[in-house]
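# Mind looking at a prediction? Sequence and model below.
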Amino acid sequence: MASPSPSVHPQFRSKAVCTLTCRHCLTDVCRRGMKAILLGDTRVELYSTDFPPAGVQLVEKDYMTRNCRCRIRDVACLGCGNVIGYHVTQPCEMCLDACNNGHFWMFLAEGVRAIERKDPSGMKNLLWANLPCYEHDVDAETRKQVICR
């Protein structure tokens, strides 16, 4: 197995890695999801990932969030076209200074379904501390989709 990504903040290393699918059509969205909270409103639960997911497309134009100065753009599922999250295109200073996981692709909890991934033994949940860098964690189909974008 490839070495894990050293960029994961220690606070997030014990979090489970999730596979995310679109709640509307069950299209695979991402294999590297992490349960998270919105920094600008900690009552909002969502999922995030550290790599541009193959199952979504950016839509419309950037806009400012209500809770901070981040610029974001919605992302829609490639399977059904429903907006299921957003990409932080320009994080604000407040969010960059806060303890964050470094992920800029966010998925609304009501837009996706999450299933915790298992480690190579198939017995335990895969944790972010043991997740290889994204270059070594994509399957052949995902790699082909990323290259073709």
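Happy to help now that I have it.
# next one: stretch 50-67 to chain centre, how far?
11 Å (C-alpha atoms, centre = their mean, to the nearest Å).
# meant to ask about stretch 105-120
8 Å.
# Show the end-to-end separation of it, please.
Distance across stretch 105-120, first residue to last, is 25 Å (C-alpha to C-alpha, to the nearest Å).
# show me where pLDDT drops low in this protein?
Applying pLDDT under 70 to the chain flags residues 1-9, 138-149.
# Kindly list the longest strand within it.
Ranked by residue count under DSSP state E, the longest strand found in the chain is strand 28-38.
# Note down every partner strand of that one and its orientation.
Using DSSP bridges, the strands paired with strand 28-38 in its sheet are strand 18-22 (antiparallel), strand 41-49 (antiparallel).
# Show me what the shortest one is in contact with.
Taking C-beta atoms under 8 Å, 6 or more residues apart in numbering as the criterion, the residues outside strand 18-22 that touch it are 27-31, 33-35, 47, 49, 53, 55, 77, 79-80, 82, 84, 107, 111-117. All C-beta spots, glycine's among them, are computed from the backbone N, C-alpha and C.
# circling back to that earlier point, can I get the strands paired with strand 28-38 in JSON lines with mean neighbour count and distance to residue 62?
Supplementary listing: these in JSON lines, determined by neighbours: other C-beta atoms under 10 Å; distance: least, C-beta to C-beta, whole Å:
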{"stretch": "strand 18-22", "mean neighbour count": "22", "distance to residue 62": "23"}
{"stretch": "strand 41-49", "mean neighbour count": "16", "distance to residue 62": "18"}
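# Out of those strands, flag the one nearest residue 11.
Ranking the strands paired with strand 28-38 by proximity to residue 11 (C-beta to C-beta) places strand 41-49 first, at 13.7 Å.
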